[in-house]
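Colleague: Show me the folded form of this:
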Amino acid sequence: VVFVKDYKELLKEALDKRRRVIFDNDGGDIIYCKEATAEALLEQRTTKLVNSGTDTLIYVTRSSGFGQFTFNTKHGQLFTVTADRYKNNITQKLVEQGTDCLKIISDFCHRHGIEVFWGMRMNDTHDAGNDPGSIACFENNKIKREHPDRLIGNRVKKRLYGAWTAVDYAVEEIRDLAYKFVEEVCDNYDIDGVHLDFFRHPVFFSTTAQGLPATEEEIQWMTALMERIKKRIVERSVERQKAILLSVRVPDSLEYAKTIGLDIEAWLKKGFVDILFTGGYFTMNDPLYSALLAKKYGVKYVASLDENRIPDEEARRERDSLLCYRARAMNAFSQGADGVFLFNYTGKDVKGYVDAGFTLPGEISEESRLEKLDKDYFISIRGMGKAAGGNYPYDEFLNVPVLNPANPLEADEQKAVSLYIYVGDSVKEKGGKAYLCIRKKDKAEGEKAYVNGFLTAPGYEEGLYTVHEIDPSYLIKGKNLITIKAPSKMAILDMKISVRYS
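Modeller: Residues are numbered from 1 along each chain as shown. The predicted model follows:
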């Protein structure tokens, strides 16, 4: 007797699996190989994941731009560009060998106990530039080149927001293709999930590209697309008796997302989404916002720890440090995240996964491991970031501080600066020390620094910062209010709380 499980059973089995650290190498490995072999492909960004603490790999088959893939697609188009930075693209050669990158990666990961999601960039616009590689990407794309009416603009007629090569999801053929790409992968590859990345890049309609909110009809079209995708995923899951999960990476504001055409709450209410990823080029809320939203609808929540793009070199270097990534993970977990997402990293990045004897996923996979490790908590990681190609403005939806050298604040004798820093540590309970570090534009002195209303010790100079030691009893695990009062005009460029156990 063969017992057939229904979808709810299959879904529960899949969702109950551990997914503490999810890694996404963004599919760039295919263009950096010096030879067309599985070993060369895996060595780029995958082999070091084994025993690193990574639970899940999201593998993006480029989608540069919409409809071009590095897997052997029939509904889309093979990404065969070899111009400029793509000169080592081995996509075509692998297909000629009877395989492709998605099969190689998924087979390898499953052999080593790593879950694999296929990732699709929903509206990638890396083909909008004027460099030879970008131009070649556009010229190779029949969907865009032969149907310019399906794009939000052209090289001459630019839009307020979004790169001109973005496709317009108001066009039925575009929505049909998006569905077919998902269907094709679900039918032909052994994957554990589908990941739809709505941050690559977050402009979906000509309406919003012109600076207007998405219409109700456009919102409904996108919701209908999600419903259609989910329906096929459910059918395929039952057919193979193994659930394919559906995850999305979206803006961390329901209001903003709906403004650009994504009715996230409707998707959650109707059960279209299994795992909610939030965060990307910019963030508007703390992780707690998304954690509570996910909990309300019974789905998993993963906080995206994207690489920062703050212009100031020193500020960027510090945010890319292991100390900062520990703090970001600790904050995400302490606010209710089920997992954290490392996006677009390579094996050479300290901020990535393995370097100089430590394994970042292994450190950040458990709060218990993180509890007594040194950390740097910054007021803002990403500042006022923008998506590549531009995005609909989010200022009115912003609920987090954005202090960094590109967005300084000014304090003087008439006006104090008050901001908050989330600290995920129980510093006093774990026997740690804490320091408020203030980076100023000049050497203005004499400021008084308060943590949750308590005056800290007088500051001393150390590198770029004026450092105020904090009595650990002043700190709480959670949101800490920082107030700076200055006897004269003082430009504050950056601020962090350093927690030290060593």
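
Colleague: next one: the longest helix along the chain to chain centre, how far?
Modeller: For the chain, the longest helix by residue count, based on DSSP state H, is helix 216-240. The chain centre lies 23 Å from the centre of helix 216-240; the measure is C-alpha atoms, centre = their mean, to the nearest Å.

Colleague: Summarise which helices and strands that helix is packed against.
Modeller: In this structure, helix 216-240 packs against helix 7-15, helix 172-188, strand 193-197, strand 245-250, helix 264-269, with contacts taken as 3 or more C-beta pairs under 8 Å, 6 or more residues apart in numbering; DSSP states H and E. (C-beta placed from N, C-alpha, C; glycine too.)

Colleague: Which helix or strand lies directly C-terminal to the last one?
Modeller: It stands for helix 264-269. strand 275-278 (DSSP states H and E).

Colleague: Kindly report the same for the fourth one.
Modeller: Once strand 245-250 ends, the next helix or strand along the chain (criterion: DSSP H and E) is helix 254-259.

Colleague: One more: the third one?
Modeller: Remark: after strand 193-197, the chain's next helix or strand is helix 206-209, criterion DSSP H and E.

Colleague: now what about that following helix, what contacts it?
Modeller: 152-153, 159-162, 166, 168, 170, 203, 213-215, 218, 259-261, 392 (C-beta atoms under 8 Å, 6 or more residues apart in numbering).

Colleague: Give me the buried subset of those.
Modeller: Buried members of these, counted by 16 or more other C-beta atoms under 10 Å: 152-153, 159, 161-162, 166, 168, 170, 203, 214, 218, 259-261, 392.

Colleague: Could you work out the most separated pair of those residues?
Modeller: Pairwise distances across the buried ones among the contacts of helix 206-209 (C-beta to C-beta) peak at 19.5 Å, for the pair 153 and 259.

Colleague: Adding mean pLDDT, mean neighbour count and distance to residue 57, write the helices and strands packed on helix 216-240 out as TSV.
Modeller: Listed next are these as TSV, based on pLDDT from 0 to 100; neighbours: other C-beta atoms under 10 Å; distance: least, C-beta to C-beta, whole Å:
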stretch	mean pLDDT	mean neighbour count	distance to residue 57
helix 7-15	96	15	16
helix 172-188	98	18	15
strand 193-197	98	24	10
strand 245-250	98	26	13
helix 264-269	98	19	24
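
Colleague: So which of those is nearest residue 68?
Modeller: helix 172-188 (10.5 Å).

Colleague: now that closest one, how far from the centre of its chain.
Modeller: 23 Å.

Colleague: Other residues contacting it?
Modeller: Contacts with helix 172-188, where a contact means C-beta under 8 Å, 6+ apart, come from 66-67, 69, 71, 73-76, 102, 118, 120, 122, 143, 147, 150, 167-169, 191, 194, 196, 221-222, 224-225, 228-229, 232-233, 236, 244.

Colleague: Quick check, pLDDT for the closest residue in space to residue 367 that isn't next to it in sequence.
Modeller: Closest residue to residue 367 apart from its sequence neighbours, by C-beta to C-beta, 6 or more residues apart in numbering: residue 333 at 5.0 Å. Here, the pLDDT recorded for residue 333 equals 96.

Colleague: and residue 366, how many residues sit next to it?
Modeller: 14 (other C-beta atoms under 10 Å).

Colleague: I figured it was touching residue 21, is that so?
Modeller: No: using C-beta atoms under 8 Å, residue 366 is not in contact with residue 21, being 9.7 Å away.

Colleague: picking up where we left off before, tell me which residues touch the residue nearest to residue 367, please.
Modeller: Applying C-beta under 8 Å, 6+ apart, the residues near residue 333 are 340, 367, 370, 424.

Colleague: Just confirm it is within a helix.
Modeller: Yes: under DSSP: H, G, I helix; E, B strand; the rest coil, residue 333 falls within a helix.

Colleague: and of the helices and strands packed on helix 216-240, who's closest to residue 48?
Modeller: Nearest of the helices and strands packed on helix 216-240 (C-beta to C-beta): strand 193-197, 20.8 Å.

Colleague: residues near residue 155, how many?
Modeller: The local packing of residue 155 (other C-beta under 10 Å) involves 11 other residues.

Colleague: cool, residue 144 as well?
Modeller: 22.

Colleague: Looks like it contacts residue 166 (just checking).
Modeller: No: using C-beta under 8 Å, residue 144 makes no contact with residue 166, being 9.6 Å away.

Colleague: which residues are common contacts for these two?
Modeller: In contact with both residue 144 and residue 166: 65-66, 151, using C-beta under 8 Å, 6+ apart.

Colleague: what would these look like in JSON lines with secondary structure?
Modeller: Below are the shared contacts of residue 144 and residue 166 laid out as JSON lines (three-state DSSP):
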{"residue": "65", "secondary structure": "coil"}
{"residue": "66", "secondary structure": "coil"}
{"residue": "151", "secondary structure": "strand"}
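
Colleague: Is it possible to get a markdown table of those residues that adds neighbour count, pLDDT and distance to residue 35?
Modeller: Shown next, in a markdown table, are the shared contacts of residue 144 and residue 166 (neighbours: other C-beta atoms under 10 Å; pLDDT from 0 to 100; distance: C-beta to C-beta, whole Å):
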| residue | neighbour count | pLDDT | distance to residue 35 |
| --- | --- | --- | --- |
| 65 | 28 | 91 | 27 |
| 66 | 28 | 96 | 29 |
| 151 | 27 | 97 | 36 |
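
Colleague: quick one on the thing from earlier: out of the helices and strands packed on helix 216-240, which comes closest to residue 320?
Modeller: Nearest of the helices and strands packed on helix 216-240 (C-beta to C-beta): strand 245-250, 20.6 Å.
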